[in-house]
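**Student:** I need the structure of the sequence given here:
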Amino acid sequence: MHTDASLVVEFLNTVNVEEGTDLLEDPGQWREWAVARSLTPNAAPEARAARDALRAAIGDPRLPGGSLDVGTRISLTDAGPALVADDVVGAVFAACARLVVRGDWIRLKICPADTCLWAFYDESRNRSRTWCSMRVCGNREKARGWRARAAETAAG
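**Tutor:** I've put the predicted structure just below:
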């Protein structure tokens, strides 16, 4: 079962900057991805526009911000009103809306490492996590900073 956060993060990470791959470029893989989540895949250009708008909204520096309208509907269920969508883009935006209502939208982040830019959900108590992985991206950045400081000290 996918949570709202996992669905959004998995959708945002259908592009992999480090490997230079985009799942939306392969219709078969895109269909498999959607069907594995019991959803209907949107046309690739529509899905790409939604993904890029969401990635920009949470901090991807490569992408321009902008607005985007996505159709969802509200259905009255036994548990009360619920946002409903059958396709990937609608389901992801419905999940985003629920994250906003719960105050968890700010936990969606983009790793600031230029070679990574992986989307992740910050589960830290104080919402202060910066890197997708401290072991990989955070460690690389700290090592770069240390080398730069060491070079300044040696030169100065």
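**Student:** please, which helix or strand holds Arg98?
**Tutor:** helix 88-102 (DSSP states H and E).
**Student:** cool, and Ser75?
**Tutor:** Counting by DSSP H and E, the element that carries Ser75 is strand 73-77.
**Student:** skip ahead from that strand and say which helix or strand is next.
**Tutor:** Trace forward from strand 73-77 with DSSP H and E and the next one is strand 80-84.
**Student:** just the C-alphas of that next one, formatted as PDB.
**Tutor:** What follows is the C-alpha trace of strand 80-84 in PDB, where atoms were taken according to Å, rounded to 0.1, in the frame of the first residue of the first chain:
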ATOM      1  CA  GLY A  80     -16.700  10.900   4.600                       C
ATOM      2  CA  PRO A  81     -15.800  13.100   1.600                       C
ATOM      3  CA  ALA A  82     -12.600  11.900  -0.200                       C
ATOM      4  CA  LEU A  83     -10.600  13.200  -3.100                       C
ATOM      5  CA  VAL A  84     -10.800  10.700  -5.900                       C
END
